[in-house]
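*Asks:* need the 3D shape of this:
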Amino acid sequence: MKKFLSNIRSLTLPAITIILLPLILFHSEFEIILHKGLEAKYKREIRKMIKAGVPEDQLVSFVFPGDIREKTLPEFKWTKSNEFRYKGEMYDIVKEEILNDSIVYRCIHDVKESGLFKRWESYLDEYLSKNPDKKSELITILETFNKYYSTTEELGLCEYPAGNLFFPGGTIAGICEEQQDIPPPPPKHPEA
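*Replies:* Residues are numbered from 1 along each chain as shown. Predicted structure coming up:
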């Protein structure tokens, strides 16, 4: 038993080093990975809530002009076709109703995702103020993550607008253009 504990103690320092060294060296990349992971988790939680049914008293109502999807409003940004950010807060649309020349959205206020993006923007502001020369590197990293990593779990959602560099999200870029019928392989001929 003493030998076993001794072996565990001798492996602890290298294990901690292996885990912490990449975190220290790739801090900004780790922040992006952590942010994307939490974003995906919170989106799954909201989807489950919507599928289970949200009580009316937990929904927030918004009335916007009927052409809200084509128009830009101050402090309003679509992140997906059923999700938007308004005055710094995230909302997921549960019900939609057209009323004369207006549209009424009944939404879930996504408090967790709102907080996540506030912390994310705060982190980016702080990181860029301390490392102004790293801005182009950070933009490249964010573009790469937005291109190859999707927080949605369904790949056919290409009509959703992708986020900008400081509000990452959206689906894998270009997937609609790349979807083509793959021809079947040629038949195998037995060797003569």
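*Asks:* need the longest strand for the chain.
*Replies:* strand 89-99 (DSSP state E).
*Asks:* run me through the strand neighbours of the next helix or strand after that strand, direction for each.
*Replies:* Next along the chain after strand 89-99, taking DSSP states H and E as the criterion, comes strand 102-110. Strand 102-110 has the following sheet partners, assigned by DSSP bridges: strand 60-65 (antiparallel), strand 89-99 (antiparallel).
*Asks:* counting neighbours, which bits of strand 102-110 end up buried?
*Replies:* In terms of neighbour count (16 or more other C-beta atoms under 10 Å), strand 102-110 has its buried residues at 103, 105-108, 110. C-beta: built from backbone N, CA, C; applies to glycine.
*Asks:* could you point out the helix or strand that follows it?
*Replies:* Later in the chain than strand 102-110, the nearest helix or strand by DSSP H and E is helix 111-130.
*Asks:* can you say which of the strands paired with strand 102-110 is packed in most?
*Replies:* strand 89-99 (a mean of 16; mean count of other C-beta atoms under 10 Å).
*Asks:* quick one on the thing from earlier: next, the angle helix 111-130 makes with the longest strand of the chain.
*Replies:* Angle of strand 89-99 versus helix 111-130, following axes from the mean of the first three to the mean of the last three C-alpha atoms, to 10 degrees, is 130 degrees.
*Asks:* okay, strand 89-99 in CSV with CA atoms only?
*Replies:* Presented in CSV, the C-alpha positions along strand 89-99 are these (Å, rounded to 0.1, in the frame of the first residue of the first chain):
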residue,chain,number,x,y,z
GLU,A,89,-29.1,40.2,-22.9
MET,A,90,-29.7,36.9,-24.8
TYR,A,91,-33.2,35.7,-25.6
ASP,A,92,-34.5,32.5,-27.2
ILE,A,93,-37.8,32.8,-29.1
VAL,A,94,-40.5,30.3,-28.0
LYS,A,95,-43.5,31.9,-29.7
GLU,A,96,-44.0,34.4,-32.5
GLU,A,97,-47.1,36.3,-33.4
ILE,A,98,-47.8,38.8,-36.1
LEU,A,99,-49.9,41.7,-34.9
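*Asks:* let me have the strands paired with strand 102-110 in TSV, extended by distance to residue 115 and mean pLDDT.
*Replies:* Converted to TSV, the strands paired with strand 102-110 look like this (distance: least, C-beta to C-beta, whole Å; pLDDT from 0 to 100):
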stretch	distance to residue 115	mean pLDDT
strand 60-65	16	89
strand 89-99	9	90
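*Asks:* for this structure, what's the longest helix?
*Replies:* helix 27-52 (DSSP state H).
*Asks:* make sure residue 7 is indeed in a helix.
*Replies:* Yes - counting by DSSP: H, G, I helix; E, B strand; the rest coil, residue 7 is located in a helix.
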